[in-house]
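J.: Dropping a prediction and its sequence here:
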Amino acid sequence: MITLMRQLIFIALWLTAISSSADQNDPRLDDLFAGLHATDDLAVGTQLTREIWVIWREIDDETTHALMREGIRDMAEQRYGSALTSFDKVVELAPDYAEGWNKRATLYYLMGENSKSAADVKQTLKLEPRHFGALAGLGLLYMQIDNFNAALEAFGDALGVNPHLPGAKRNIEIIEQTLKDTEI
């Protein structure tokens, strides 16, 4: 089984290296998602998850790619206004690029703009229904407004797509404990 998983990772890495285009429509994703469900090995699942993120972040247009890099950097450095300018331009230039919407949803979440974040999560999922990051983000949004049942569903959906998400598992445990404590 370990040999099969190593082969899957090698194939995924090789395909990543030879591909010149990527986004949520990249055909390599199907094999990577299948690999997520074929392994119980957390290290293999983590590597496959990284490969999916690499593909999701890529886009053929260099201007859009540069804007994504700038927005991600600015978001990490808490320069939210600059990040928002970049991500707004990304979704304008590439409205069919799921990761542009997802990054802006993340930024809106960090800015406390929950309704705008939720709208961008919905657009992300419309473009890439397997976007486990957006599903987990939706779970966080629901947790923030104490809609624990919806949060459980969102985290469960994320784990249904990618069973190797320790944060989603941990959040489910937190919610279940919170619900148990409120019943007492």
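T.: The structure has been received and is ready for your questions. Just so you know, these numbers come straight off a predicted model, no measurement behind them.
J.: Please put the alpha-carbon coordinates of stretch 50-61 into CSV.
T.: Provided in CSV are the C-alpha atoms of stretch 50-61 (Å, rounded to 0.1, in the frame of the first residue of the first chain):
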residue,chain,number,x,y,z
ARG,A,50,-0.3,20.2,-1.0
GLU,A,51,-0.3,19.2,-4.7
ILE,A,52,-3.9,20.1,-5.0
TRP,A,53,-3.3,23.5,-3.5
VAL,A,54,-0.3,24.1,-5.9
ILE,A,55,-2.6,23.3,-8.9
TRP,A,56,-5.5,25.5,-7.6
ARG,A,57,-3.2,28.5,-7.1
GLU,A,58,-1.7,28.3,-10.6
ILE,A,59,-3.2,30.3,-13.5
ASP,A,60,-1.9,30.8,-17.0
ASP,A,61,-2.2,34.6,-17.0
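J.: Tell me how far K126 lies from D157.
T.: 14 Å (C-beta to C-beta, to the nearest Å). Bear in mind the C-beta positions are built from the backbone N, C-alpha and C, glycine included.
J.: moving C-terminal of the helix or strand containing T106, what's the next helix or strand?
T.: Using DSSP states H and E, the secondary-structure element containing T106 is helix 98-110. Tracing the chain past helix 98-110, the next element assigned as helix or strand by DSSP H and E is helix 114-127.
J.: just the angle between that following helix and helix 98-110, please?
T.: Counting by axes from the mean of the first three to the mean of the last three C-alpha atoms, to 10 degrees, helix 114-127 lies at 160 degrees to helix 98-110.
J.: Now helix 114-127: buried residues?
T.: K116, S117, A118, D120, V121, Q123, T124, L125, L127 (16 or more other C-beta atoms under 10 Å).
J.: any chance of those in CSV, plus distance to R28 and pLDDT?
T.: Below are the buried residues of helix 114-127 laid out as CSV (distance: C-beta to C-beta, whole Å; pLDDT from 0 to 100):
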residue, distance to R28, pLDDT
K116, 31, 97
S117, 28, 97
A118, 29, 96
D120, 25, 98
V121, 24, 98
Q123, 23, 97
T124, 19, 97
L125, 20, 97
L127, 17, 96
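J.: would you turn the residues you listed into JSON lines with distance to I55?
T.: Formatted as JSON lines, these follow (distance: C-beta to C-beta, whole Å):
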{"residue": "K116", "distance to I55": "26"}
{"residue": "S117", "distance to I55": "23"}
{"residue": "A118", "distance to I55": "25"}
{"residue": "D120", "distance to I55": "20"}
{"residue": "V121", "distance to I55": "19"}
{"residue": "Q123", "distance to I55": "19"}
{"residue": "T124", "distance to I55": "15"}
{"residue": "L125", "distance to I55": "17"}
{"residue": "L127", "distance to I55": "14"}
